[in-house]
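> Quick one, fold the following:
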Amino acid sequence: QLVESGGGMVHVGESLRLSCVASGFDFSTHFMSWVRQDVGLEPEWISSINDGGNRTWYEDSVEGRFTISRDNAKNTLYLQMDSLELEDTATYYCAKGPGSTTRPPRRVNWGQGTQVTVSS
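I've put the predicted structure just below:
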């Protein structure tokens, strides 16, 4: 099970930190990812991190603004989002497993999501 939190309503340029608490599987041995989806659009993979937390990958539009990290002792995945833009508005999902722009994690491996709304 994956349970996200930390979403909310912010203004352009502000920051949010998302958290995802994992249970029911060995978190420390799995790659993890963040995916987002806005209404009417396809899911968008935005970042992944390896099991040890020392390798990260980002979609181009969030590179340099978002930071993925994990605390295996707490079974928790994070996404620090800085310099938020209107286009970042979406529901954000924590996902078990790796992902990429062309192959986001399967929906069956997502959490329930947390809404992020960015306004001007």
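
> where are the low-confidence patches of this structure?
Scanning the chain for pLDDT under 70 picks out nothing.

> Nearest residue to the middle of it?
Closest residue to the average C-alpha location of the chain: Trp34 at 2.7 Å, with CA atoms, centre = their mean.

> and the helix or strand where it lies, which strands flank it?
Here Trp34, judged by DSSP states H and E, is contained in strand 32-37. Paired strands of strand 32-37, with direction, are strand 44-49 (antiparallel), strand 90-96 (antiparallel) (DSSP bridges).

> and of these, who's closest to Ser19?
In terms of CB to CB, the element of the strands paired with strand 32-37 nearest to Ser19 is strand 90-96, at 8.5 Å. The C-beta positions use only the backbone N, C-alpha and C, and glycine is treated the same way.

> Pull out the buried residues from the helix or strand just after the closest one.
Sequence-wise, the next helix or strand downstream of strand 90-96 (DSSP H and E) is strand 114-119. Within strand 114-119, the residues that count as buried by 16 or more other CB atoms under 10 Å are 114, 116, 118.

> Please name the strands paired to strand 114-119 in the sheet, noting orientation.
Strand pairing for strand 114-119, using DSSP bridges, gives strand 8-11 (parallel), strand 90-96 (antiparallel).

> got the CA positions of it in CSV?
Written as CSV, here are the backbone C-alpha positions of strand 114-119 (Å, rounded to 0.1, in the frame of the first residue of the first chain):
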residue,chain,number,x,y,z
THR,A,114,-2.6,13.8,-3.6
GLN,A,115,-3.8,16.9,-5.4
VAL,A,116,-1.4,19.8,-6.2
THR,A,117,-3.0,23.0,-7.4
VAL,A,118,-0.8,25.9,-8.5
SER,A,119,-2.4,29.3,-9.1
